[in-house]
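Visitor: Predicted model follows, preceded by the sequence.
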Amino acid sequence: MLDIRLVREDPGRIRSDLAKRNAPDKAKLLESVIELDKEWRKALAEADALKRRRNEITREIAEAKKAGKSTEKLRKEAAGLPKKIDVLDKRIDELAAKVREGLGRLAKRSFHDPAVVCTAHSLPKKIMDDGDPYERELSETMGLVLRQLPPLRVRIAWQSAGRSEGAWLGPPLEEVLDEISRAGEKAVLVVPFGFVSDHLEILYDVDIEARAFATKRGLQFERTESPNTDPGFIDAMAAAVRSVSGPPLA
């Protein structure tokens with residue numbers, strides 16, 4: 001699938017390529033994808049702003065209570081935010097679906113579709129045998145993510161295994177990359193969905209070791225960006241904490 005970052009950062013390169021191919025229908029599709037992506041990002045920014053405002057209102061209510069001031073106006077504003085956020089979230093999902101659909105059609109007609117490998121940190125199998133839900137929950141997460149995307153040729157792999165005795169979750173990432181190369185694939189997108197930030201297992205194990213392993217086997221290697229400090233990710237974590245911590249202290 002075409003990388004949306006290329007559409008954003010260098011659309012002229014794609015336009016030039018399509019012009020050389022004399023493909024006006026594909027050029028029209030590209031312009032549609034660009035406009036949808038702009039609208040999608042605008043909706044994301046609006047949703048993030050509403051969620052930040054929701055957090056601010058929570059703090060303002062607590063401060064007003066401490067100062068003995070009325071919180072009625074703030075509570076009224078807070079009551080209207082969930083509906084606005086829900087509407088925007090649905091709009092984001094709708095736009096995301098359209099963008100992915102457009103990118104998928106563009107990829108089929110102009111660009112090579114890479115193999116996709118979702119990775120997570122390997123653990124000793126004994127942990128799962130003792131009842132830990134780690135492997136099952138990761139598989140469920142991958143399934144939910146894939147529901148938001150067009151059909152992809154996806155495999156799961158396990159990385160960064162330790163050196164302790166006993167079996168670890170597999171297959172390892174290197175084994176999967178080797179199989180992909182032997183199958184004649186030319187490109188691979190690694191999605192470290194089991195990680196939330198850049199650290200040793202991403203910046204070295206994936207970006208250096210796995211990239212070198214794939215490149216040596218003739219694979220064009222790309223990795224998805226980690227959530228890191230993405231506002232939407234931070235808001236999602238905050239919402240998860242609030243969902244189990246109860247209302248803020250007065």
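Guide: Arrived safely, thanks for sending.
Visitor: Need the pLDDT of Ala173.
Guide: If you look again at residue 173, you'll see it is Leu, not Ala. We note a pLDDT of 96 for Leu173 in this prediction.
Visitor: That one contacts Ala161, doesn't it?
Guide: No: applying Cβ atoms under 8 Å, one finds Leu173 not in contact with Ala161, separated by 9.4 Å. Every residue, glycine included, has its C-beta placed from N, CA and C.
Visitor: need the next SSE after the helix or strand harbouring Glu137, C-terminal direction.
Guide: Per DSSP states H and E: Glu137 is located in helix 134-147. Downstream of helix 134-147, the first helix or strand assigned by DSSP H and E is strand 154-159.
Visitor: quick one: contacts of the next helix or strand along the chain from that next one?
Guide: Using DSSP H and E, the helix or strand that follows strand 154-159 towards the C-terminus is helix 173-182. Contact partners of helix 173-182, identified using Cβ atoms under 8 Å, 6 or more residues apart in numbering, comprise 115, 117, 119, 155, 157-159, 188, 190, 206, 210, 213-214, 217-219.
Visitor: Check which residues of helix 173-182 are buried.
Guide: Within helix 173-182, the residues that count as buried by 16 or more other Cβ atoms under 10 Å are 173, 176-178, 180-181.
Visitor: what's the answer for stretch 70-84, then?
Guide: Within stretch 70-84, judged by 16+ other Cβ under 10 Å, the buried ones are 74, 78.
Visitor: end-to-end on stretch 145-153?
Guide: Stretch 145-153 has its terminal residues 14 Å apart, counting by Cα to Cα, to the nearest Å.
Visitor: do the same with stretch 123-136
Guide: End to end - Cα to Cα - stretch 123-136 spans 13 Å.
Visitor: and what of stretch 172-192?
Guide: Span of stretch 172-192 from end to end, Cα to Cα: 13 Å.
Visitor: now do stretch 203-215
Guide: The separation between the terminal residues of stretch 203-215, taken as Cα to Cα, is 16 Å.
Visitor: contact partners of it?
Guide: For stretch 203-215, the external contacting residues (Cβ under 8 Å, 6+ apart) are 119, 159-160, 173-174, 177-178, 181, 188, 190, 192, 221, 223.
Visitor: What are the structural domain limits within the chain?
Guide: Using automatic domain parsing, the domain parsing of the chain gives 1-111, 113-230.
Visitor: Val241 is nearest to which of these?
Guide: Closest of these to Val241 is domain 1-111, at 11.3 Å (criterion: Cβ to Cβ).
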